[in-house]
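Peer 1: Curious how this folds, go ahead:
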Amino acid sequence: MFCPNCGTSTEGKFCEKCGAATGATGGAAAGAAGNAYTSNATGSNAPPVLTAAGLPMNIVAALCYIIPVICPIIFILVEPYKRDRTVRFAAFQSLFLTIALFVINEGVGILIGSSFELAYNLYRLLRLAEFVLIVFLAFKAFQNEKIVLPGIGPLAQKQA
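Peer 2: The predicted model follows:
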């Protein structure tokens, strides 16, 4: 068998010279290609699952959390991504999280509107917690791990 990318003779699923897939797929490789949240804990040097646009699915899922409204809507509507369940889950969970955080911020603003100093300090603390949560979710999505948040996670799973 020859590599379709560089033409080197190869015997495995991936070219030893350039790392391109040779077309020989086994059961484990076919199962891993369908789910971008499959971990690579076996130590294999398999390249990441790429989409038609050339972006790995873990990067697409992380972008849904980093750019909260624009990327999830784009990835829900654009063709190569809207068929992937992991991207749809990350996009819907990001949208639901954005809505929940907006409601929480507005609720805190209304409830503690009388004391400016208390409201300002509480708002800063909430924003820090939001930032840490978003960085955590993006990092876990980048590592191909699926984190289901309580409350909004099951809703996102139903939509995906």
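
Peer 1: Which elements pack onto whichever strand or helix holds Ser94?
Peer 2: Following DSSP states H and E, one finds Ser94 within helix 85-111. Helices and strands touching helix 85-111, by 3 or more C-beta pairs under 8 Å, 6 or more residues apart in numbering; DSSP states H and E, are helix 57-66, helix 70-77, helix 79-82, helix 116-142, helix 152-159. To be clear about C-beta, it is placed using only N, CA and C from the backbone, and glycine gets the same treatment.

Peer 1: Quickly, which of these bottoms out on average pLDDT?
Peer 2: Ranked by mean pLDDT, these bottom out at helix 79-82, with a mean of 79.

Peer 1: Buried residues, that helix. List them.
Peer 2: Pro80, Tyr81 (16 or more other C-beta atoms under 10 Å).

Peer 1: about what we covered before: between the helix holding Ser94 and helix 152-159, how big is the angle?
Peer 2: Here helix 85-111 runs at an angle of 140 degrees relative to helix 152-159 (axes from the mean of the first three to the mean of the last three C-alpha atoms, to 10 degrees).

Peer 1: Could you pull out the buried residues of helix 85-111?
Peer 2: For helix 85-111, the neighbour count (16+ other C-beta under 10 Å) marks 86-98, 101 as buried.

Peer 1: So what's the model's average confidence on that helix?
Peer 2: For helix 85-111, the mean per-residue pLDDT is 88.
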